[in-house]
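> Compute the structure for the input listed below.
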Amino acid sequence: MIRLALRTLRRRKGSFVATFVAMTFGAVIVMACGGLMETGIRSDVPPHRLAGAPLVVAGDQSHELPRQNPDDPEEDVESSTLVERVRLDAGLVSTLADVPGVESAVPDVAVPVLLAGAGPVEAHGWASAALRPYATTAGAAPGRGEVVLSDGHRVGDRVEVVVAGRALTFTVSGLVDSPEPLLFLADTDLERISAHPGKVDAIGLRTEPGADLGQVRHEVGEALRGTGAVVLTGDDRGLAEFAGAARASEDLIVLAGVFGGMAISIALFVVATTLGLSIQQRQRELALLRAIGTTPRQLRRMVLGEALVTSLFATTLGSFLGVPFGQWLFDRLAGRGVVPEAMVFSSGWIPMVVAVGSALLITLVAGLVAGHRAARSRPTEALADAALQRRWLSPVRLILAVLCFGGGIALFIVTIAVMTGPIAASTAGPSVLLWAVGLALVGPGVTRVLLAVFRGPVRLVAGVPGYLAALNTRTRTVRMAAVVVPVMLATGTATANIYLQTTMVAVANEAFAESLRADLVLTSSTGGLDPDLVDEVRRVPGVAAASEFAGSTVFVGAPYDDSQTEDGWPVQGISAEGAALTSAVRLSEGSLEDLRGDTVVLPVEQAATLGRGVGDGITMRMGDGAEVDVRIVGLYPAREGFETLLMPAGLVAEHTTLGLPTQILVRAEPGLSPAVLAEELGGLAPGVAVADREAVTAGYAEQQEIGAWINYLMAGMFVAYTAISVVNSLVMATAARRREFGLHRLSGATRAQVMGMMTVEALLTVAIGIVLGTLVTAATLLPFTLVTDGSVLPSGPVWIYLAVAGSATVLALGATLVTTWLALRPRPAEATVAPA
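Numbers count the residues shown, from 1 in each chain. So this is what the prediction gives:
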């Protein structure tokens, strides 16, 4: 039967190509997602400045969430990655220098500064230059008040360096050769400008000549026991330079897992549809094989053999194409700042095995499904049914449809009853596939119903072509449904995913705008602001109130918080003085004036979950892993899904990577134009920018679009894949009707009339597909929009829906009419004897 399968593929190149294309693109997407996952797991970030140190010691960025029962060893422990850099005590440098086999221990500290004429750069201590190593190409090492820069300056130049809004002047003492801008200060000067004095970012260890690296690493690990530090080697050393890489790797794994699973599901759907349509068109051939004595088992083997042979060729090509496509996707993510540009894309043999294995499994399932019906039919029934296929619903198909609809309904209910805010997308989003697959399984029945609705108007409007199209669709409902399903999948997944993102962005922007009462916001080009700057702002005439702001993520350490996830709680650090006029938070208990020292304001519902109230104490783990005991000084009713903790700005900033407030919120005196006040504040400090509410809100919206862009990119990838399936299905279905077209022309129909008939059929097909896709979109979005926005309609322009529907229409018409035109080129008599 395998030999027969190979001969069949040679004779039916059209079906082979269509199935081959569907399988190839499926393998490409799965391979690309596998490469992204491997990249996240490996987290290969080659060191740059620390490349000369074989061992690097850094703070442990991982964090275990508190257990409900700490004494229960069998309780599952959830872990998370801290969002802020975990720093080390500077005293650890001397401890590590005494470890046997360590030649030197060199601390590394990075301070963001603004170099006049060069923009934002990082300042480092000169001692850390030995870790690359960097050597001066001119001049000498920096002393107090001196700086070493990369090329572009001259020894003896005077340069201005802005640190946290304060301008300092240094003399260039030397130059180093570096492809990126670098700035080295004397270690004493760096300590003076650092927001974390007495702390270091990392410690590079240079080993003695001939020392065994493994043994030295073991000794260093023993010396670090109980300090919360880890030893890094190889490409892991780059994690000490790029603190956000660990978190980005975690996010990349989740992203690749979610989209990889969706890719496999859609690939199964598309391949099964394409293969099923191919088998449908060969019902007469398969029926004849049954009539001459071929057993059902032999038929299944033949169909499966054809599918597996096609899959082997397709997955081989797809696996090789998946690597550059995965690299392209990774580069897009790095360009948007989702992952560090220093991270290296990895795609080895594991993603290839996964891609090939999943593709073969998809083919096996699709082949078994496609061959099942032909194999179980009696020969006489098969011959009769091949001419006019009507039966489509089997017990297995019905059960699967019920399960899919049941799953969709369950997610619908869970989204409305349990979820709040943007997190509702975690249940609403996956339901799109359940609704789509459920409708696909009952596609012939639903198509028949919609055809009955459209048939009358089509006859009235389209005349003779419409009459012929109506007759054709009535007798070819099952085959038409096989073409409708890809249109439904493309339009449904596209509109659902896009509107899901536009709604999430709109709701987040609305919540941010509601929380901002300040007229103006001061920011620094280096990220942080001098803590004394807020007092200067308050002294400016026309300023009614000013408050510092710092954002981070925290975890509740005690008491146990069963509502806490691995993402922690967002926290806003604000100043007690001025908070009442610059923050939109209105307390139901307590006062913002008491938000000083080690204190916190909680959302009412979270306080109830913890069983705590105003005056009670709780333990918080800050963004850098430090534990702080705080006292609750206020409660406020928070918007569902946007619960945020409030703490003093100084306390939050102390435990962030920058170590400084990032913004100053300013409220103008009544009657004073914010634009006038902005001019007064503009020259207050170098490197400080002043923006109004609209600019700040627009900036926040732009940041939100980065996260949405990721989903747009991935959704676009799947939509493109399903669009290929639409074209595939339409080309196959139309090309198989050459004999029918020939008979029409022998009966007196012109080419134009046949083209008109096919135009109406294509429009009917796409109309039904769009209607079903709209149902999928509505079932997916309705619970999400009700929970997040209280509306039955999603946020976003209507042109998105029109663009998706229009694109589907153009694809359907183009694929149908081009194929029809090609099928009409032979003489009618020749077409009637062409293979179907």
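> Tell me where the stretch 201-350 of the chain has helices.
213-223, 238-241, 245-280, 283-291, 296-335, 349-376 (DSSP state H, counting those that start in this stretch).
> Pull the shortest one out as PDB, backbone CA atoms only.
Extracted as PDB, the C-alpha positions of helix 238-241 are listed here (Å, rounded to 0.1, in the frame of the first residue of the first chain):
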ATOM      1  CA  GLY A 238      26.200  37.700  31.400                       C
ATOM      2  CA  LEU A 239      23.200  37.500  33.700                       C
ATOM      3  CA  ALA A 240      25.300  39.500  36.200                       C
ATOM      4  CA  GLU A 241      25.700  42.300  33.600                       C
END
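> what separates the residue nearest to the spatial centre of the chain from Gly156, distance-wise?
In the chain, the residue lying closest to the centroid (Cα atoms, centre = their mean) is Ile710, at 4.4 Å. Separation of Ile710 from Gly156 (Cβ to Cβ, to the nearest Å): 48 Å. Where you see a C-beta, it was placed from the backbone N, CA and C, and this is true even at glycine.
> Next: Ile800.
For Ile800 relative to Gly156 (Cβ to Cβ), the value is 59 Å.
> cool, and Pro686?
Counting by Cβ to Cβ - Pro686 and Gly156 are separated by 23 Å.
> who's more crowded, those two?
Pro686 (17 against 9; other Cβ atoms under 10 Å).
> Could you pull up phi and psi at the more buried one?
Pro686 has phi and psi values of phi -70, psi 140 when expressed as degrees, to the nearest 10.
> May I ask you to confirm that it is in contact with Thr169?
No - with contacts counted by Cβ atoms under 8 Å, Pro686 stays clear of Thr169, the gap being 11.4 Å.
> Can you pull the residues that touch both of the two?
By Cβ atoms under 8 Å, 6 or more residues apart in numbering, Pro686 and Thr169 have these common neighbours: Glu160.
> Which residue comes closest to the residue nearest to the centre of the chain once chain neighbours are left out?
Of all residues not flanking Ile710 in the chain, Val338 sits nearest, at 6.2 Å (Cβ to Cβ, 6 or more residues apart in numbering).
> What residues does that neighbour make contact with?
Counting by Cβ under 8 Å, 6+ apart, Val338 has contacts Ala248, Asp251, Leu252, Ile706, Ile710.
> In those, find the pair that's most separated.
Greatest spatial distance among the contacts of Val338 (Cβ to Cβ): Leu252 and Ile706, at 14.5 Å.
> and the two? which has more neighbours close in?
Leu252 (23 against 11).
> Identify the residues contacting stretch 580-587?
Against stretch 580-587 from outside (Cβ under 8 Å, 6+ apart): 514-518, 544-547, 574, 579, 592-593, 601, 634-636, 646, 665-667.
> end to end, how far does that stretch reach?
Length of stretch 580-587, first residue to last, Cα to Cα, to the nearest Å: 10 Å.
> how about it: buried residues?
Of the residues in stretch 580-587, Ala580, Leu581, Thr582, Ser583, Val585, Leu587 count as buried by neighbour count, 16 or more other Cβ atoms under 10 Å.
> And the first one, how close does it get to Gly357?
Taking Cβ to Cβ as the measure, Ala580 and Gly357 are separated by 61 Å.
> How about the second one?
For Leu581, the distance to Gly357 (Cβ to Cβ) stands at 61 Å.
> and what of the fifth one?
Counting by Cβ to Cβ, the separation of Val585 from Gly357 is 52 Å.
> swap in the last one?
Computed with Cβ to Cβ, the distance linking Leu587 and Gly357 is 57 Å.
> and what of the third one?
Note on Thr582: its distance to Gly357, by Cβ to Cβ, is 57 Å.
> Pretty sure Thr619 sits in a strand.
Yes - assessed with DSSP: H, G, I helix; E, B strand; the rest coil, Thr619 lies in a strand.
> how many neighbours does it have?
Neighbour number of Thr619 under other Cβ under 10 Å is 14.
> Also the one 5 residues further on?
Asp624 is flanked by 23 other residues according to other Cβ under 10 Å.
> which residues sit in contact with it?
Gly59, Leu82, Glu84, Arg85, Val86, Arg87, His655, Thr656, Thr657.
> Among the residues you listed, give me the pair with the biggest separation.
So, the contacts of Asp624 by Cβ to Cβ: farthest apart are Gly59 and Thr656, at 13.6 Å.
> mind checking the longest helix of the protein?
helix 693-735 (DSSP state H).
> pLDDT of it, averaged?
Averaging pLDDT along helix 693-735 gives 74.
> can you give me how far that helix is from the chain middle?
12 Å (Cα atoms, centre = their mean, to the nearest Å).
> domain parsing for the chain?
Domain ranges of the chain: 1-45+242-387, 55-237, 406-515+699-836, 526-686, per automatic domain parsing.
> Would you reformat these as a markdown table and include distance to Ser394?
Converted to a markdown table, the domains of the chain look like this (distance: least, Cβ to Cβ, whole Å):
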| stretch | distance to Ser394 |
| --- | --- |
| domain 1-45+242-387 | 7 |
| domain 55-237 | 41 |
| domain 406-515+699-836 | 10 |
| domain 526-686 | 42 |
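> do you know how far Ser791 is from Ile416?
13 Å.
> Show me which of those two is the more surrounded one.
Ile416 (16 against 12).
> wait, isn't that one in contact with Thr785?
No - the pair Ile416 and Thr785 fails to qualify as a contact (Cβ under 8 Å) at a distance of 10.6 Å.
> Name the residues contacting each of those two.
With Cβ under 8 Å, 6+ apart as the test, Ile416 and Thr785 reach no residue in common.
> list the helices and strands the lengthiest strand in the chain packs on?
When the chain is parsed with DSSP state E, its longest strand is strand 543-558. Applying 3 or more Cβ pairs under 8 Å, 6 or more residues apart in numbering; DSSP states H and E, one finds that strand 543-558 contacts helix 533-538, strand 569-574, helix 579-582, strand 617-621, helix 649-654, strand 663-668.
> Please name the bridge partners of Ala105.
Leu205 (DSSP bridges).
> residue boundaries of the strands in the stretch 1-150 of the chain?
55-59, 62-64, 79-81, 88-89, 102-108, 111-115, 119-125, 136-139, 146-150 (DSSP state E, counting those that start in this stretch).
> Make CSV from the ones you listed and add mean pLDDT, distance to Arg217 and mean neighbour count to it.
Listed next are the strands of the stretch 1-150 of the chain as CSV, based on pLDDT from 0 to 100; distance: least, Cβ to Cβ, whole Å; neighbours: other Cβ atoms under 10 Å:
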stretch, mean pLDDT, distance to Arg217, mean neighbour count
strand 55-59, 89, 6, 26
strand 62-64, 82, 19, 15
strand 79-81, 81, 23, 15
strand 88-89, 89, 17, 17
strand 102-108, 88, 10, 20
strand 111-115, 86, 29, 22
strand 119-125, 85, 25, 19
strand 136-139, 81, 31, 16
strand 146-150, 86, 31, 24
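> To Ile618, which of the ones you listed lies closest?
strand 62-64 (17.1 Å).
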